[in-house]
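S.K.: Have a look; sequence and predicted model below, questions after that.
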Amino acid sequence: QVQLVESGGGLVQSGGSLRLSCAASGFTFSSYIMSWYRQVPGKERELVAVIKTAGGRIRYADSVKGRFTISRDNAKNTVSLQMNSLKPEDTAVYYCNAVSYNTDGRKRDDYWGQGTQVTVSS
């Protein structure tokens, strides 16, 4: 059974830090591209950061560059998001995502966690 379980969300003041973690099980974690997305009510889900498989190629949304750091531990099947210098506009539900692709480039698997709320007060 595939599971992605996020933790680490909460309430923090502007300028503070939080570290989100996502524990994965039920699939070959090291073979999956892992991402963090966020969503606020009434808006589309937004990609925050993505980290590829072994080798760890990383990409960030412009809005979080220099403040957020994504990392993965393939031995522990976890992906983390260190969030520093948080701003009120970072308030959202944050979701962990795991995807894999076939050799022809088509998406094969697409897994989501249940989300964790991050609230940044001004």
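M.R.: Yep, it's here.

S.K.: rest of the way, CA atoms for contacts and neighbours
M.R.: Will do.

S.K.: Give the helix, strand or coil label for the nearest residue to residue 90 once chain neighbours are set aside.
M.R.: Leaving aside its chain neighbours, residue 90 sits nearest to residue 120 (6.7 Å; criterion: CA to CA, 6 or more residues apart in numbering). Of the three states, residue 120 takes strand under DSSP: H, G, I helix; E, B strand; the rest coil.

S.K.: wait, doesn't residue 120 sit right on residue 9?
M.R.: No: Residue 120 lies out of contact with residue 9 (CA atoms under 8 Å); the separation is 10.3 Å.

S.K.: higher neighbour count, those two?
M.R.: residue 120 (21 against 18; other CA atoms under 10 Å).

S.K.: contacting residues around that one?
M.R.: By CA atoms under 8 Å, 6 or more residues apart in numbering, the contact set of residue 120 is 11, 12, 13, 14, 86, 87, 88, 89, 90, 91.

S.K.: Quick check on those residues: which are buried?
M.R.: 12, 14, 86, 87, 90, 91 (16 or more other CA atoms under 10 Å).

S.K.: Give me the subset of the residues you listed that lies in strands.
M.R.: In strands, defined here by DSSP state E, the members of the buried ones among the contacts of residue 120 are residue 12.

S.K.: JSON lines please, covering the buried ones among the contacts of residue 120 and showing pLDDT and distance to residue 50.
M.R.: As requested, the buried ones among the contacts of residue 120 are exported to JSON lines (pLDDT from 0 to 100; distance: CA to CA, whole Å):
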{"residue": "12", "pLDDT": "98", "distance to residue 50": "24"}
{"residue": "14", "pLDDT": "98", "distance to residue 50": "24"}
{"residue": "86", "pLDDT": "98", "distance to residue 50": "19"}
{"residue": "87", "pLDDT": "98", "distance to residue 50": "20"}
{"residue": "90", "pLDDT": "98", "distance to residue 50": "17"}
{"residue": "91", "pLDDT": "98", "distance to residue 50": "19"}
